[in-house]
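Trainee: Turn this into a structure:
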Amino acid sequence: MSLEVVAVGPSVLVQDRGRPGWAHLGVPRSGALDGPAAALANRLVGNAPDDACLEVLLGGLALTSDEGVWVAVTGARCALEVDGRPAGFGEAARLTPGSVLRLGRPETGLRSYLAVAGGIAVDPVLGSRSTDTLGRVGPPAVAVGDRLPMGRPAGPPAAVDTPRPPATGPLRVTPGPRADRVAGDALDLLCRTTYAVSPDSDRVGLRLVGDALPLAVRDELPSEGMVLGAVQVPPDGRPVVFLADHPTTGGYPVVAVVDERDLWQCAQLRPGEPVGFTRSR
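Mentor: Below is the predicted model of the structure:
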């Protein structure tokens, strides 16, 4: 069984829960940026939590199946059509053989997640089917004409009451190991500043525009290990929140770390939208 890709938008990637444990070899964890949305899509079609789905940036995806399959779309809410007829968002829907499913552009948010019963069964690399956009590990970006293999469904989908977590507003942060590189209280300054998302943001990092943090020491550090959610401050003083495809080492100071429970929000923030921080309690 397979899905044939009829159209794509800006980016369509295969993602699962990622490949943690390979940082010592320079391989990021990758995985779905909006983990709760991807997990919900999988649950809706009866998949296991680590089955692979499609991460769709700003809609535009259209695909068809050579056999009937259950599908579900979550994350950034978008209009869905099957052969030109509206389909439900955030619920399991049956795609009959030859029918074409289309995802429109979401009105808010960035990334929608499409799960199919049985999961996307491309060959795993280092234990994961995720696409790593930094190191080019895993499958390439999905393109028109691709045939994506599907796994065997575990059983029929069932309705489940699994709402995504609510947006908490400011991103909760704890102090980083190099907070002393900022002139003053790094967390206090970070939490008192309102930033905006830079158009240069991607799966590697959420780049922010706003008042620069004053660096007391500007010398570059020896390379240190980086973690998911690290708030790194380059020489221009404008923070970068490291996301799933972040480099595994870096020489700029990490002044804070975003709580992992809030990182899914970074997946849905559009360029120009405000970003704030608050101390984790």
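Trainee: what residues go with each domain of this protein?
Mentor: Split into domains by automatic domain parsing, the chain comes to 2-149, 171-279.
Trainee: Present those as CSV; the columns should include mean neighbour count, mean pLDDT and distance to Pro156.
Mentor: Just so you know, the C-beta spots here come from the backbone N, C-alpha and C atoms, and that holds for glycine as well. Shown next, in CSV, are the domains of the chain (neighbours: other Cβ atoms under 10 Å; pLDDT from 0 to 100; distance: least, Cβ to Cβ, whole Å):
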stretch, mean neighbour count, mean pLDDT, distance to Pro156
domain 2-149, 20, 94, 7
domain 171-279, 18, 93, 28
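Trainee: Export those to JSON lines and append columns for distance to Ala158.
Mentor: Shown next, in JSON lines, are the domains of the chain (distance: least, Cβ to Cβ, whole Å):
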{"stretch": "domain 2-149", "distance to Ala158": "7"}
{"stretch": "domain 171-279", "distance to Ala158": "24"}
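Trainee: Could you tell me how far the residue nearest the centre of the chain is located from Ala39?
Mentor: Centrality entry for the chain: nearest residue to the mean C-alpha point is Leu33, 1.5 Å, by Cα atoms, centre = their mean. As judged by Cβ to Cβ, to the nearest Å, Leu33 and Ala39 stand 12 Å apart.
Trainee: now do Val258
Mentor: Plainly put, Val258 is 19 Å away from Ala39 if you go by Cβ to Cβ.
Trainee: Would you mind confirming that the residue nearest to the centre of the chain is in contact with Ala267?
Mentor: Yes: using Cβ atoms under 8 Å, Leu33 is in contact with Ala267, at 3.4 Å.
Trainee: Quickly list what's touching both of those two.
Mentor: 111, 243 (Cβ atoms under 8 Å, 6 or more residues apart in numbering).
Trainee: I'd like the distance between Leu134 and Ala267.
Mentor: From Leu134 to Ala267 the distance is 16 Å (Cβ to Cβ).
Trainee: quick one: contacts of the longest helix along the chain?
Mentor: Assignment by DSSP state H gives helix 35-44 as the longest helix of the chain. Outside helix 35-44, the residues that touch it by Cβ under 8 Å, 6+ apart are 15-17, 32, 48-49, 51, 53, 55, 72-75, 90-92, 111-115, 119, 157, 160, 162, 164-165, 263-264, 267.
Trainee: got it, and stretch 185-200?
Mentor: Contacts of stretch 185-200 (Cβ under 8 Å, 6+ apart): 170, 173, 175-176, 179-180, 182, 206-211, 213-214, 231, 238-239, 255-256, 269-279.
Trainee: chain center to the longest helix of the chain, what's the gap?
Mentor: Distance of helix 35-44 from its chain centroid, counting by Cα atoms, centre = their mean, to the nearest Å, is 12 Å.
Trainee: Pull it out as PDB, backbone CA atoms only.
Mentor: The C-alpha trace of helix 35-44 is given here as PDB (Å, rounded to 0.1, in the frame of the first residue of the first chain):
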ATOM      1  CA  GLY A  35       4.800  16.700  19.200                       C
ATOM      2  CA  PRO A  36       1.300  16.800  20.700                       C
ATOM      3  CA  ALA A  37      -0.300  17.400  17.300                       C
ATOM      4  CA  ALA A  38       1.600  14.600  15.700                       C
ATOM      5  CA  ALA A  39       0.800  12.200  18.600                       C
ATOM      6  CA  LEU A  40      -2.900  13.100  18.400                       C
ATOM      7  CA  ALA A  41      -3.000  12.500  14.600                       C
ATOM      8  CA  ASN A  42      -1.500   9.100  15.200                       C
ATOM      9  CA  ARG A  43      -4.000   8.200  18.000                       C
ATOM     10  CA  LEU A  44      -6.900   9.200  15.800                       C
END
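Trainee: Can you name the element that comes right after that helix?
Mentor: strand 53-57 (DSSP states H and E).
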